[in-house]
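Novice: have a look at this fold, sequence not included:
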Ligand code: NAD
């Protein structure tokens with residue numbers, strides 16, 4: 001596969017793709033190696049991941065450099081690497097607290113029968129990840145799965161695969177981990193081979209791909225943990241602090257060029273504060289700079305070429321249907337990369353794709369509401385239910401509004417807090433995903449099946465108990 005550079009537009013990297021037979025062979029090997037990995041115990045697995053953390057640090061400049069080429073972003077690449085190390089440390093601390101198997105106990109219904117529960121990890125977990133945070137979203141599920149005692153085959157997105165080589169080098173330096181953690185290269189076909197062979201799937205990506213994976217996994221009766229797209233709303237109530245709201249909304253909408261699942265993508269503002277809110281938002285949006293010079297600026301290029309086209313189409317469609325443009329509005333090609341300034345739109349409605357379809361770009365469409373009931377109805381008028389925000393100086397009131405929103409995580413007086421807080425459990429609502437949360441305790445516990453050992457210490461019931469008429 002020839003891979004495009006998001007800054008230059010050049011196809012300057014070649015990815016050699018793992019075919020179906022290779023994936024099947026690799027998963028068979030992982031399945032064998034997982035047995036020793038699981039029986040080695042959690043403390044040993046923690047120690048092995050700590051050795052990997054040391055190797056990641058030794059390779060960190062290579063990983064960051066390649067990740068920067070993948071994404072066109074320097075500081076976020078560094079943040080992603082820090083998040084990887086943080087995930088290893090965080091789960092190494094939390095997993096032993098969670099892995100508490102209860103001692104053998106008599107059953108509540110029959111005291112001569114004793115119950116013991118075993119925790120059995122899925123043998124091979126397949127992780128399939130997207131291009132927007134290529135490293136973070138590749139490891140976020142892999143690390144707790146490895147600590148649970150599963151082997152992992154990870155396929156990062158084919159759009160951003162340069163970081164795989166240096167990450168693999170760090171892994172090869174810890175041979176024991178490399179035996180149970182393999183990196184796969186390729187696109188949809190490689191992903192399909194993983195879904196057709198692994199024992200559980202963690203998928204982060206779009207709704208259409210998630211739907212295919214859910215169907216394939218259901219046909220095999222294996223679990224698929226799906227983290228999909230969003231169209232996150234923000235509600236700005238009349239008593240909101242406008243400095244805080246506009247800062248948070250701007251950052252959440254256009255940070256990482258809007259290429260984040262939990263970006264705010266629809267803003268609903270109380271009509272009484274709307275004029276002041278808009279003045280402040282537009283002024284702040286105008287101050288955002290692009291990183292065309294890679295050594296300065298705030299917003300990087302649009303990573304994926306097809307996404308650039310989609311963003312422009314949504315903006316154009318909205319403007320031709322009557323939306324008013326306050327800033328930005330054009331995806332421009334500069335030096336082969338695609339760039340877009342924060343694009344602020346008003347006079348939008350739910351007939352427009354920009355208010356209904358995931359944009360995944362730096363677009364801020366704003367609508368007004370006159371009652372809070374209307375605001376909640378507008379926020380819930382979506383096929384997605386990933387996350388949302390509520391802004392109010394009255395926290396209790398904000399919580400009461402949050403309660404009514406159909407989404408898995410609600411940030412109060414900020415945006416997209418799920419990218420900074422990993423210990424609060426959250427499920428995706430509607431088409432934004434399904435199955436156990438990757439955040440909070442479930443992020444580890446979901447990799448186990450519970451096996452019940454039922455130990456008879458008395459006499460087993462005999463056939464006499466089936467005697468008709470016996471009491
Ligand atoms: P995508 O669905 O196109 O691809 C994601 C991954 O799936 C890639 O690795 C791809 O190669 C693989 N793939 C494609 N077809 C497949 C198939 N049939 N079987 C198995 N694997 C297959 O998504 P994308 O464009 O890379 O990512 C952007 C999407 O990801 C957005 O919708 C975004 O909202 C979503 N996302 C969600 C979260 C979350 O936590 N909910 C986080 C980040 C991104």
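Specialist: Here it is on my side, so go on. In this text, all values refer to a predicted model and were calculated from it rather than measured experimentally.
Novice: ok and the residue in this structure nearest the ligand?
Specialist: residue 191 (2.2 Å; C-beta to the nearest ligand atom). For the C-beta atoms, the positions are set from N, CA and C on the backbone; glycine is no exception.
Novice: excluding chain neighbours, what is closest to that residue?
Specialist: The shortest distance from residue 191 to any non-neighbouring residue, by C-beta to C-beta, 6 or more residues apart in numbering, is to residue 128 (4.9 Å).
Novice: the one you found: neighbour count?
Specialist: 29 (other C-beta atoms under 10 Å).
Novice: which ones are touching it?
Specialist: Residues near residue 128 by C-beta atoms under 8 Å, 6 or more residues apart in numbering: 154-155, 191, 194-195, 201-205, 213.
Novice: how does this structure divide into domains?
Specialist: 2-228+432-454, 232-419 (automatic domain parsing).
Novice: gap between residue 5 and residue 41?
Specialist: Plainly put, residue 5 is 44 Å away from residue 41 if you go by C-beta to C-beta, to the nearest Å.
Novice: looking at these two, which is more packed in?
Specialist: Neighbour count, other C-beta under 10 Å: between residue 5 and residue 41, residue 5 has more, with 17 against 12.
Novice: now that one, nearest residue through space, not along the chain?
Specialist: Nearest non-adjacent residue to residue 5, counting by C-beta to C-beta, 6+ apart: residue 12, 5.2 Å away.
Novice: for the one you found, which three-state class applies?
Specialist: Secondary structure, DSSP: H, G, I helix; E, B strand; the rest coil: residue 12 is strand.
Novice: what pLDDT does it get?
Specialist: The model reports residue 12 with a pLDDT of 97.
Novice: how about residue 26?
Specialist: So residue 26 comes in at 98 (pLDDT).
Novice: what does residue 428 give?
Specialist: Residue 428 is assigned 97 on the pLDDT scale.
Novice: go on, residue 469?
Specialist: On the pLDDT scale, residue 469 gets 77.
Novice: burial check on it, number of neighbours?
Specialist: Residue 469 has 4 nearby residues by other C-beta under 10 Å.
Novice: and if you look at residue 284?
Specialist: 19.
Novice: how about the one 3 residues further on?
Specialist: Per other C-beta under 10 Å, the neighbour tally for residue 287 reads 9.
Novice: give me the pLDDT value at the residue nearest to residue 94 when sequence neighbours are not counted.
Specialist: Nearest in space to residue 94, with sequence neighbours left out and distances taken as C-beta to C-beta, 6+ apart, is residue 444 at 6.9 Å. Looking at residue 444, its pLDDT stands at 98.
Novice: so who does residue 444 touch?
Specialist: By C-beta under 8 Å, 6+ apart, the neighbours of residue 444 are 91, 94-95, 98-99, 144, 147-148.
Novice: same question for residue 415.
Specialist: Contact analysis of residue 415 by C-beta under 8 Å, 6+ apart lists 234, 248-249, 251-253, 263-264, 389.
Novice: skipping adjacent residues, who's closest to it in space?
Specialist: residue 252 is the one closest to residue 415 (C-beta to C-beta, 6+ apart), at 2.7 Å.
Novice: burial count for that neighbour?
Specialist: The burial count for residue 252: 27, using other C-beta under 10 Å.
Novice: tell me if I'm right that it and residue 266 touch.
Specialist: No. In this structure, residue 252 is not within contact of residue 266 by C-beta atoms under 8 Å, at 11.5 Å.
Novice: residues contacting residue 341?
Specialist: Residue 341 touches 285, 288, 290, 299, 327-330, 362, counting by C-beta under 8 Å, 6+ apart.
Novice: quick check: residue 167 is in a strand.
Specialist: No. Judged by three-state DSSP, residue 167 forms no part of a strand; its state is helix.
Novice: nearest residue to it in space, please, no chain neighbours.
Specialist: Closest to residue 167 by C-beta to C-beta, 6+ apart is residue 63, at 5.7 Å.
Novice: now swap in residue 197 and tell me
Specialist: Residue 197 sits nearest to residue 27 (C-beta to C-beta, 6+ apart), 4.6 Å away.
Novice: could you look up the SS state of that neighbour?
Specialist: On the basis of three-state DSSP, residue 27 is classed as helix.
Novice: please apply the same query to the one 10 residues further on.
Specialist: Reducing the assignment at residue 37 to three states with three-state DSSP gives helix.
Novice: what's the burial count for it?
Specialist: Residue 37 has 23 nearby residues by other C-beta under 10 Å.
Novice: quick check: closest non-adjacent residue to it.
Specialist: residue 180 (4.5 Å).
Novice: so how far is residue 377 from the one you found?
Specialist: 49 Å.
Novice: more neighbours: those two, which one.
Specialist: Neighbour tally, residue 180 and residue 377, criterion other C-beta under 10 Å: the higher count belongs to residue 180, 27 against 13.
Novice: so residue 51 touches residue 177, yeah?
Specialist: Yes. Assessed by C-beta under 8 Å, residue 51 is found in contact with residue 177 at 7.4 Å.
Novice: more neighbours, these two?
Specialist: residue 177 (20 against 13).
Novice: state the pLDDT value of that one.
Specialist: 98.
Novice: tell me what the host helix or strand of it is packed against?
Specialist: Residue 177 belongs to helix 175-178 when assigned by DSSP states H and E. Counting contacts by 3 or more C-beta pairs under 8 Å, 6 or more residues apart in numbering; DSSP states H and E, helix 175-178 is packed against helix 42-58, helix 164-172.
Novice: deepest of these, which one?
Specialist: Stretch with highest mean neighbour count among the helices and strands packed on helix 175-178: helix 164-172 (a mean of 18; mean count of other C-beta atoms under 10 Å).
Novice: ok, that helix near the ligand or not?
Specialist: No. Using C-beta under 6 Å from any ligand atom, helix 164-172 stays clear of the ligand, with a minimum separation of 11.6 Å.
Novice: report the mean per-residue pLDDT for that helix.
Specialist: For helix 164-172, the per-residue pLDDT averages 98.
Novice: okay, angle between that helix and helix 42-58 too, please.
Specialist: 130 degrees (axes from the mean of the first three to the mean of the last three C-alpha atoms, to 10 degrees).
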